[in-house]
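Peer 1: here is my input, please return the structure:
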Amino acid sequence: MPRLFTALEIPAEIGESLARLRGGLSGARWIDVENYHLTLRFIGDVDDRTARDVEHALYAVRRAAPIVTLGELSAFGGDKPRAIVVRARPDPAIVELQAEQERLMRRLGAAPEARKFTPHVTLARLRGASPMAVADYLSARGYFPSLKFSPTRFVLYSSRNSVGGGPYVVEAAYPFAARREEAVA
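Peer 2: Residues are numbered from 1 along each chain as shown. Model (predicted):
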């Protein structure tokens, strides 16, 4: 049974900038640069028939490419930190793309996504990292300059049943209908 999710790929040059944030935190398992992505909809473990239905349903998504702005180094988990992430600004085009995919998945019988959509790129998964160590890591990184890009497509990834972090395989790619006119800096 494949484990599926949809995502925006992170361009290599953005990934290399994000990779410079790795290190200096005990208990962190850093994600390989080639596995950086911005998850849109986690679908989960599905049978082969459902996987084919998901793949075909996503071809109905026809949208202009969003502008992705990564702009805040952060952590998820509060008093029990579980991940170091870079948050993306919740641009309306990204939120609408995710919402459309959520509707499609629900029509196919998938359970509603339990968590509120928070666009981000996971840099590390944490095990046993103290809140103080995470706070020290974040404060040591100081200013985080915004990184912008406009993806050319979104993808359907599969992953093996593991603790996360890849490797991920692109099962299908869905080009955006047109690029937004906004300049990407």
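Peer 1: going by C-alpha atoms from here, please, whenever you check contacts or count neighbours.
Peer 2: Fine.
Peer 1: pick out the residue nearest the middle of the chain.
Peer 2: With distances taken as Cα atoms, centre = their mean, Leu38 lies nearest the centre of the chain, 1.9 Å away.
Peer 1: contacts for the helix or strand containing that residue, please.
Peer 2: Using DSSP states H and E, the element containing Leu38 is strand 37-45. Residues outside strand 37-45 that contact it (Cα atoms under 8 Å, 6 or more residues apart in numbering): 1-10, 97-98, 101-102, 105, 110, 113, 117, 119-122.
Peer 1: how about a cut-off of 7 Å?
Peer 2: 1-10, 98, 101-102, 119-121 (Cα atoms under 7 Å, 6 or more residues apart in numbering).
Peer 1: same deal with stretch 81-97?
Peer 2: Outside stretch 81-97, the residues touching it (Cα under 7 Å, 6+ apart) are 66, 68-76, 119-127, 129, 131.
Peer 1: which ones among those residues lie within helices?
Peer 2: Pro131 (DSSP state H).
Peer 1: buried ones among the contacts of stretch 81-97?
Peer 2: 66, 68-75, 119-126, 129, 131 (16 or more other Cα atoms under 10 Å).
Peer 1: export the longest helix seen in the chain as PDB, just CAs?
Peer 2: What stands out as the longest helix in the chain, according to DSSP H, is helix 92-107. Output in PDB follows, covering the C-alpha atoms of helix 92-107 (Å, rounded to 0.1, in the frame of the first residue of the first chain):
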ATOM      1  CA  PRO A  92      -4.300  32.900  -0.800                       C
ATOM      2  CA  ALA A  93      -3.200  31.000  -3.900                       C
ATOM      3  CA  ILE A  94      -1.500  28.300  -1.700                       C
ATOM      4  CA  VAL A  95      -4.500  28.100   0.700                       C
ATOM      5  CA  GLU A  96      -6.900  27.800  -2.200                       C
ATOM      6  CA  LEU A  97      -4.800  25.100  -3.900                       C
ATOM      7  CA  GLN A  98      -4.700  23.100  -0.600                       C
ATOM      8  CA  ALA A  99      -8.500  23.600   0.000                       C
ATOM      9  CA  GLU A 100      -9.300  22.300  -3.500                       C
ATOM     10  CA  GLN A 101      -7.200  19.200  -2.900                       C
ATOM     11  CA  GLU A 102      -8.900  18.700   0.400                       C
ATOM     12  CA  ARG A 103     -12.300  18.800  -1.300                       C
ATOM     13  CA  LEU A 104     -11.100  16.300  -4.000                       C
ATOM     14  CA  MET A 105      -9.700  13.900  -1.400                       C
ATOM     15  CA  ARG A 106     -12.900  14.000   0.600                       C
ATOM     16  CA  ARG A 107     -15.000  13.300  -2.500                       C
END
